[in-house]
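[1] below is the structure, and that's it, no one-letter string:
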């Protein structure tokens, strides 16, 4: 453990203090074959640690993991043949050689038959345009291309389960869209089960039907994306533009969040009141020029959930 | 077995990109072979009978010691790869593969070694055979035993390097230890100075340590210093170390895997 204060460097050098931190604590879940699950949480929540345990890389200190009837870290050799893994921040491809050479090595490592290799390569050329850069060394690829090459590498042996740890990190909007389409296609056509971690909520919105949220090593939400909309997305904001500057005021079942240049923001629970009731109440008092109802996007909801767990974390 | 060839092919593709690097290495091997040839010839001109073998044998010993460095340099062992992968967190892409980690590292390293043998050791042997007086093996039997002994020597070195790699899993950094380790290997393997020239205690120590499996045994067999039953005993010595070190390496891996730290994200 790093010391603070003067001589901290020396004191660190001489001491043997360690802080044990539970990265993942008592998480339980079950995933059906063919599901596409989003696994999210703030940085340091324990996402990557979970993925590393699920892929047999890290050995859990306690608890039980079973995927496809196998225990990842115990039957690692047999197990890893059935899964594909992409770590967005790392590459499993050889840095200096063309993409195709790395894929051929992976073909040998996974003992992929020539026919299967050919079939997969055709698929990747069609969906990922792999043929455009398969002869380029990995170090010369753009990040988007590298991610596509890594996806191809993870799928070369036709795995049943695909783990994607931040596959869209640092990738531009257009390239992200391609990656998403590809992941969706693989999930739909090949019935590959996908567990995806990301910080981009649009990945979740476009791809996943279910999401799991963890924070401080604990599962704080596991359910459908729809449910989370209902649970955390009950509030709407009504933005009203008035003719002139008016003082802040509250309406029944709605609180005024802020006021700016004759514009007021009212937050209301859509189960407690309706926009039309609210508009009727307000327009009876002041003339309205323009108005809009804002729905919270999934990012706001997740922020609310993270915030809640942050507060709980501090209490504990 | 196929996987060994796949890694060798990949090592070839990978190294072929750095052509300049390759030629530099070949030149430096040649320079080292030339110096060692020159040192032994001048020493023999002073004391022709002081070194236990004749000058042709000794020059061959010295040249082989330099030529084999291309495959026996501990700095290219799997421990360096393991340390880098630990540092960058890339180790998880290795562990996500359906390969036994121990054998995976062997295949990866042996692939490179096979490539380096073909592109560095063989050419430098041919050059020194033509210009520096490298002799043929003492006999056809010696040639065969030399080949076996060379392979065993490689396996001993690999197993030792792998153990150092296991230490890297625990300490995450092995740079300073590597430096000491590399010097130890160089010294006790008899790369520079044949072990039979070591004084009493050091000679006895070198004889029991596994390091002489690396240069001393194969080269002594090649030049005929070790022959007959002594050569066979030396092969047994190597084999015992290979088995023992592989078992220890396996146990070490099983031990450290549970405390593996994957750095970064």
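    Yep, it's here. This one's a predicted model, so the numbers in the text were calculated from it and none came from an experiment.

[2] okay, CA-based contacts and neighbour counts for the rest of this
    Fine.

[3] what segments of the stretch 101-250 of chain A are strands?
    Using DSSP state E, counting those that start in this stretch, the strands assigned to the stretch 101-250 of chain A run over residues A:161-165, A:193-197, A:210-215, A:218-224, A:235-242.

[4] right, so of those, which gets closest to residue B:225?
    Taking Cα to Cα, strand A:161-165 is the member of the strands of the stretch 101-250 of chain A nearest to residue B:225, at 57.6 Å.

[5] name every strand pairing with the closest one and say which way it goes.
    Using DSSP bridges, strand A:161-165 pairs in its sheet with strand A:83-87 (parallel), strand A:193-197 (parallel).

[6] dump those strands into CSV; add mean neighbour count and mean pLDDT as well.
    Formatted as CSV, these follow (neighbours: other Cα atoms under 10 Å in any protein chain shown; pLDDT from 0 to 100):
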stretch, mean neighbour count, mean pLDDT
strand A:83-87, 25, 93
strand A:193-197, 25, 94
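
[7] nearest to residue B:250, of those strands?
    Judging these by Cα to Cα, what sits closest to residue B:250 is strand A:83-87, at 24.8 Å.

[8] which residues touch residue B:156?
    B:210-211, B:213-214, B:238, B:241-242, B:245 (Cα atoms under 8 Å, 6 or more residues apart in numbering or on different chains).

[9] could you redo the last one with a cut-off of 7 Å?
    B:213, B:241-242 (Cα atoms under 7 Å, 6 or more residues apart in numbering or on different chains).

[10] cool, and residue B:248?
    For residue B:248, the contact set (Cα under 7 Å, 6+ apart) is empty.

[11] domain ranges for chain A?
    A:22-229, A:234-295 (automatic domain parsing).

[12] in a markdown table: the strands of the stretch 101-250 of chain A, plus distance to residue B:232.
    Converted to a markdown table, the strands of the stretch 101-250 of chain A look like this (distance: least, Cα to Cα, whole Å):
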| stretch | distance to residue B:232 |
| --- | --- |
| strand A:161-165 | 52 |
| strand A:193-197 | 56 |
| strand A:210-215 | 62 |
| strand A:218-224 | 61 |
| strand A:235-242 | 84 |
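
[13] figure out which of those strands is closest to residue A:259.
    strand A:235-242 (9.6 Å).

[14] same for the closest one, what does it pack against?
    Under the contact definition 3 or more Cα pairs under 7 Å, 6 or more residues apart in numbering or on different chains; DSSP states H and E, strand A:235-242 sits against strand A:263-269, strand A:288-294.

[15] circling back to that earlier point, among the contacts of residue B:156, which are in helices?
    B:241-242 (DSSP state H).

[16] which stretch among the strands paired with strand A:161-165 comes nearest residue A:37?
    Judging the strands paired with strand A:161-165 by Cα to Cα, what sits closest to residue A:37 is strand A:193-197, at 5.0 Å.

[17] and that closest one, how far out from the chain's middle?
    Relative to the chain's own centre, strand A:193-197 is displaced by 9 Å; criterion: Cα atoms, centre = their mean, to the nearest Å.

[18] ok, the contacts of residue B:156 vs chain A, which is closest?
    Closest to chain A out of these is residue B:242 (24.1 Å), distances taken as Cα to the nearest Cα.

[19] quick revisit: may I see the helices and strands packed on strand A:235-242 organised as CSV, with mean pLDDT added?
    CSV is the format used below for the helices and strands packed on strand A:235-242 (pLDDT from 0 to 100):
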stretch, mean pLDDT
strand A:263-269, 88
strand A:288-294, 88
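
[20] between the domains of chain A, which gets nearest to residue B:202?
    Closest to residue B:202 of these, according to Cα to Cα: domain A:22-229, at 43.4 Å.

[21] wait, isn't residue A:90 in contact with residue B:92?
    No: under the criterion of Cα atoms under 7 Å, residue A:90 is not in contact with residue B:92, lying 9.2 Å apart.

[22] which of those two has more residues huddled nearby?
    Set side by side, residue A:90 and residue B:92 show more neighbours around residue B:92, with 23 against 20, by other Cα atoms under 10 Å in any protein chain shown.

[23] so the more buried one sits in a strand?
    No: Residue B:92: not assigned to a strand; according to DSSP: H, G, I helix; E, B strand; the rest coil it is helix.

[24] so what's it up against?
    With Cα under 7 Å, 6+ apart, residue B:92 has these contacts: residue A:57.

[25] if I look at it, what pLDDT would I see?
    Per-residue confidence (pLDDT) for residue B:92: 86.

[26] same deal with residue B:166?
    93.

[27] what helix or strand is it located in?
    In this structure, residue B:166 sits in helix B:140-171 according to DSSP states H and E.

[28] burial of the closest residue to chain A within chain B, as a residue count?
    As assessed by Cα to the nearest Cα, chain A sits closest to residue B:98 within chain B, at 4.1 Å. Neighbour count of residue B:98, defined by other Cα under 10 Å: 20.

[29] for it, list the residues it contacts.
    Applying Cα under 7 Å, 6+ apart, the residues near residue B:98 are A:76-78, A:80-81, A:110.
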